[in-house]
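Colleague: Take this sequence and fold it.
(2 chains)
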Protein chains: 2
Amino acid sequence: MSMENLLRTHIGTSLRAARVAQGRTLRAVAADARVSLGYLSEVERGQKEASSELLNAICSALDLSLSTVLTDVTELIKRHETPVLTVVASEVISDVDAA
Amino acid sequence: MSMENLLRTHIGTSLRAARVAQGRTLRAVAADARVSLGYLSEVERGQKEASSELLNAICSALDLSLSTVLTDVTELIKRHETPVLTVVASEVISDVDAA
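Modeller: Model (predicted):
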């Protein structure tokens, strides 16, 4: 697995999580978005870059705004960018709590 | 101009704003990111989808984290999504202030 923090990986993770949370199948969401099941599956697994137009169609099929998905994606990206800082911050908080 | 709220449009706007704010040329940033000047120019104008790998390279050339760019992009998307709601909210606030 690549160590790179890739936008398409996190977009895929976010879209899949939203679909699963809604209890919907790849087939149902792909049909609503008018994309092929294979395309949606590849996008969800971060194996294909979704075009901006088809990303909007998928968001619409999931009843999500693009900004909602992007906010989620930004959080996922931040977690990958700042693991060391997060650990340091937790230790500082522990030290403060212990003092 | 399309009325659609497209991810690539806002990514382009954000990257161009960052480059201009740094007083750097397309040529300089393209060279640092190891992409062609034409590619960067098309990405900035929202005419081409940046691959996730090249988006990371461009962010790195601009000394920006991907999450910083995505936070900016999310704000741009929100502005395009909520013009009506923003107006309604302002009117509600005016009514409350007037009451």
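Colleague: Which residues are in contact with residue A:68?
Modeller: Each residue near residue A:68 by CB atoms under 8 Å, 6 or more residues apart in numbering or on different chains is listed here: residue A:59. All C-beta atoms are positioned from the backbone trio N, CA, C, and that covers glycine.
Colleague: Please repeat the previous calculation with a cut-off of 10 Å.
Modeller: By CB atoms under 10 Å, 6 or more residues apart in numbering or on different chains, the contact set of residue A:68 is A:14, A:18, A:59, A:62, B:74, B:77-78, B:81.
Colleague: Need the buried ones from these selected in ChimeraX.
Modeller: In ChimeraX, a selection of the buried entries from the contacts of residue A:68 looks like this (16 or more other CB atoms under 10 Å in any protein chain shown):
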select /A:14,18,59,62 /B:74,77,78
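Colleague: I'd like to know which of the contacts of residue A:68 is nearest to residue B:53.
Modeller: Distance to residue B:53 across the contacts of residue A:68 (CB to CB) is lowest for residue A:14, with 18.9 Å.
Colleague: got the contact list for that closest one?
Modeller: Residue A:14 touches A:44, A:59, A:62, A:64, A:68-76, counting by CB under 10 Å, 6+ apart.
Colleague: I'd like those as TSV, with pLDDT and secondary structure appended.
Modeller: Formatted as TSV, the contacts of residue A:14 follow (pLDDT from 0 to 100; DSSP: H, G, I helix; E, B strand; the rest coil):
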residue	pLDDT	secondary structure
A:44	98	helix
A:59	98	helix
A:62	98	coil
A:64	97	coil
A:68	97	helix
A:69	97	helix
A:70	97	helix
A:71	97	helix
A:72	97	helix
A:73	97	helix
A:74	96	helix
A:75	96	helix
A:76	95	helix
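Colleague: Residue numbers of chain A in contact with chain B?
Modeller: A:2, A:4-11, A:46, A:49-53, A:55-56, A:59, A:65-82 (CB under 10 Å from any CB of the partner chain).
Colleague: Show me which of these are buried.
Modeller: Buried members of the residues of chain A next to chain B, scored by 16+ other CB under 10 Å, are A:5-11, A:46, A:49-52, A:55-56, A:59, A:65-74, A:76-78.
Colleague: Going by distance to residue A:27, which of the contacts of residue A:14 wins?
Modeller: Using CB to CB, these come closest to residue A:27 at residue A:44, 12.7 Å.
Colleague: Over to residue A:5. Which of the three states is it?
Modeller: Residue A:5 carries the three-state label coil when classified by DSSP: H, G, I helix; E, B strand; the rest coil.
Colleague: residue contacts, the nearest residue to it once chain neighbours are set aside?
Modeller: Nearest residue to residue A:5, sequence neighbours excluded (CB to CB, 6 or more residues apart in numbering or on different chains): residue A:80, at 4.3 Å. If you count contacts by CB under 10 Å, 6+ apart, residue A:80 has them with A:3-6, A:9-10, B:66-67.
Colleague: In terms of model confidence, name the weakest of those residues.
Modeller: Here the lowest pLDDT out of the contacts of residue A:80 sits on residue A:3, with 63.
Colleague: Cool, thanks, signing off.
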